[in-house]
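1. My questions are about this predicted structure, shown below with the sequence.
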Amino acid sequence: MSRSDEPRPIVLVPGACLGGWAWREVAATLRALGHEVYPVTLTGLGERVHLASRDVDLETHIADVVNLLDYEDLSDAVLVGHSYAGVVITAVADQRPERLRALVYLDTGPLPGGMAIADVQTPEQRERQRREAEQGGEGWLWPVPDRDTLVSGAYGSASGLEPADFELIAARATPQPYATFTTPLRLSGAAPAGPRRTAIFCAESGMSLALLRELIAQHDPRADAFADPSWELHELPTGHWAMFSLPGPLAELIDRIAAPPSG
């Protein structure tokens with residue numbers, strides 16, 4: 001039985017190159033706790049890889065999740081976005097706030113309107129990703145990072161991943177349409193309202209709660225997105241891919257977030 005007051009629809013949106021398959025263990029635990037769970041596979045990825053094209057961009061992926069909420073007629077939903085999907089869920093919350101109970105950013109954060117993911121990367125990261133798309137994906141697909149690249153931490157700490165996790169990623173991850181990284185985020189500009197905003201930091205990726213609070217106190221621009229006291233902040237002692245390395249604790253934390261605020 002769920003520790004929350006009643007079951008909630010929980011929508012799980014994976015990061016770059018992943019599909020709904022990445023949430024299998026997390027989804028199984030959440031279902032055992034009584035929730036309706038919707039692991040999303042975005043267009044062009046996972047079992048929808050046959051739909052990949054140059055035309056797939058951030059707007060396509062936003063529509064994937066908005067349409068899921070609408071066609072499943074979900075309300076009071078908890079929307080979880082990992083890594084790249086942080087920008088997706090930000091736009092979904094802007095378009096469908098009335099359908100959401102909470103936003104959960106898993107080792108990621110919101111992007112300002114008018115910005116693309118490529119805009120907030122370092123010049124080195126941006127050039128590396130562009131070059132990889134040119135060399136391995138005909139300019140419109142970003143290839144799946146190989147094991148050595150994942151271990152290097154170039155796209156987040158691999159702490160906690162076991163050999164079987166790397167094998168699963170190698171077998172099932174699919175190239176990401178590159179336009180999803182270069183499309184600017186469009187927001188309505190409406191005042192923040194509606195769903196609670198929650199972040200789960202994977203501490204082994206380099207941002208712990210202690211460090212974040214220190215940066216907020218110092219008014220460091222790297223922490224600006226989380227400076228509003230309305231944010232609920234959590235951490236897990238693992239690397240960037242918590243759905244693989246700590247699926248049970250991650251699911252239990254999402255279950256607690258789905259519960260109503262105390263008091």
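-> Right, received. Where do you want to start?
2. ok, now how distant is the spatially most central residue of the chain from Q135?
-> In the chain, the residue lying closest to the centroid (Cα atoms, centre = their mean) is H82, at 1.8 Å. Distance of H82 to Q135, computed by Cβ to Cβ, to the nearest Å: 26 Å. In short, each C-beta sits where N, CA and C put it, glycine included.
3. Doesn't V80 belong to a strand?
-> Yes: the assignment for V80 by DSSP: H, G, I helix; E, B strand; the rest coil puts it in a strand.
4. Residues in a beta bridge with it, which ones?
-> L12, V104 (DSSP bridges).
5. which residues does it contact?
-> Contacts for V80 (Cβ atoms under 8 Å, 6 or more residues apart in numbering) come out as 10-13, 89, 104, 106, 254.
6. could you measure E98 against L185, distance?
-> From E98 to L185 the distance is 20 Å (Cβ to Cβ).
7. Neighbour count: those two, which is higher?
-> L185 (21 against 11; other Cβ atoms under 10 Å).
8. For burial, what's the neighbour tally of the residue lying closest to P184 once chain neighbours are set aside?
-> Nearest non-adjacent residue to P184, counting by Cβ to Cβ, 6 or more residues apart in numbering: A116, 4.9 Å away. Residues lying near A116 (other Cβ under 10 Å) number 19.
9. Over to F181?
-> With other Cβ under 10 Å as criterion, F181 counts 22.
10. what do you get for H50?
-> Count around H50 with other Cβ under 10 Å applied: 7.
11. do L68 as well
-> Neighbours of L68 using other Cβ under 10 Å come to 19.
12. doesn't it fall inside a helix?
-> Yes: per three-state DSSP, L68 lies within a helix segment.
13. show me the contacts for it.
-> 11, 38, 40, 74.
14. From E235, how far out is it?
-> Counting by Cβ to Cβ - L68 and E235 are separated by 28 Å.
15. Nearest to V56 among the contacts of L68?
-> V40 (14.4 Å; Cβ to Cβ).
16. Tell me who's in contact with the closest one.
-> Per Cβ under 8 Å, 6+ apart, neighbours of V40: 11-14, 20, 64-65, 68.
17. host element of the spatially closest residue to E232 that is not a sequence neighbour?
-> With Cβ to Cβ, 6+ apart as the criterion, E232 has its nearest non-adjacent residue at 4.4 Å, and that residue is T198. Secondary structure assignment for T198, by DSSP states H and E: strand 196-202.
18. Just the CA trace of that strand, in CSV.
-> Provided in CSV are the C-alpha atoms of strand 196-202 (Å, rounded to 0.1, in the frame of the first residue of the first chain):
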residue,chain,number,x,y,z
ARG,A,196,4.5,21.8,-6.5
ARG,A,197,8.1,21.9,-7.6
THR,A,198,10.4,19.2,-6.3
ALA,A,199,14.0,18.4,-7.2
ILE,A,200,16.0,15.2,-6.5
PHE,A,201,19.7,15.6,-6.7
CYS,A,202,22.0,12.7,-7.3
